[in-house]
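*Asks:* below is the sequence, then the predicted model.
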Amino acid sequence: MLIGIPSMGKQGLNELVGEHFGRVPAYTLIDTETEQVKVVDNTSEHLGGKGYPAEILSAHGVEAMICSGIGRRAIAMFNDMGIRVYTGASGTVGETFERFRKGELEECDESGGCTQHAFGGHHHHH
C-alpha cells in the first residue's frame, strides 16, 4: 500500500509531520511493502497552485493518507478518490509510519468517526 503523510519538508522519514495537511510544503509517500520513500511537492491551490491535496495524492497512487487532524468534508474528498484517511500523525514521518504499521492509528470516515477530537490534540485509544 502507498501511504502519504503531510510533511514540513523533504527529509523523508526524518522530516516532521505537518499539522495542516493542505498547507504543508510536501507530502512524503511510503510504500508499505518495499519501504521505498518518495517526496512530492504540494502544488495545490492552498499554496497558489492548482487542485486539491486529495487530487495530488491520488495522481501519485496513494491509497491512504495519514494526518494529525482533518474535517468531514476533506475526509469525504479523500474517500471519494479511493484514499483512506487515518489520524494520529505526530513527530517525524518515520515515527508516524511505525505507528501506522503497528495498527495504532485511527481510520476516519466521513460520518465523523474521528473528527470530533482530531483537532484537540487528544489521543483516544479504541
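*Replies:* Structure received.
*Asks:* would you mind listing the buried residues in stretch 75-95?
*Replies:* The neighbour-count check on stretch 75-95 (16 or more other Cβ atoms under 10 Å) flags 75, 77-78, 83-89, 92-94 as buried. Every C-beta, even on glycine, is put in place using the N, C-alpha and C of the backbone.
*Asks:* cool, and stretch 34-46?
*Replies:* 37, 39-40, 42, 44.
*Asks:* show me the buried residues of stretch 75-95 that map onto strands.
*Replies:* Judged by DSSP state E, the subset of the buried residues of stretch 75-95 located in strands is 84-87.
*Asks:* between those residues, which is closest to Glu55?
*Replies:* Using Cβ to Cβ, Val85 comes nearest to Glu55 of those, at 14.6 Å.
*Asks:* can you pull the contacts of the closest one?
*Replies:* 64-67, 70, 74-75, 78-79, 107-109 (Cβ atoms under 8 Å, 6 or more residues apart in numbering).
*Asks:* closest one of those to Gly12?
*Replies:* Nearest to Gly12 among the contacts of Val85, with distances taken as Cβ to Cβ, is Ile66, at 14.8 Å.
*Asks:* what helix or strand is the closest one on?
*Replies:* Secondary structure from DSSP states H and E places Ile66 in strand 64-67.
*Asks:* which residues sit against that strand?
*Replies:* By Cβ under 8 Å, 6+ apart, strand 64-67 touches 1-6, 17, 21, 53-54, 57, 78, 83-89, 96-97, 100, 105.
*Asks:* give me the nearest residue to Tyr96, chain neighbours excluded.
*Replies:* Quick fix: residue 96 is Thr, not Tyr. Ala89 (4.4 Å; Cβ to Cβ, 6 or more residues apart in numbering).
*Asks:* can you check Val62 too?
*Replies:* Gly4 (4.1 Å).
*Asks:* doesn't Ala26 make contact with the one you found?
*Replies:* No: counting by Cβ atoms under 8 Å, Gly4 stays clear of Ala26, with 10.1 Å between them.
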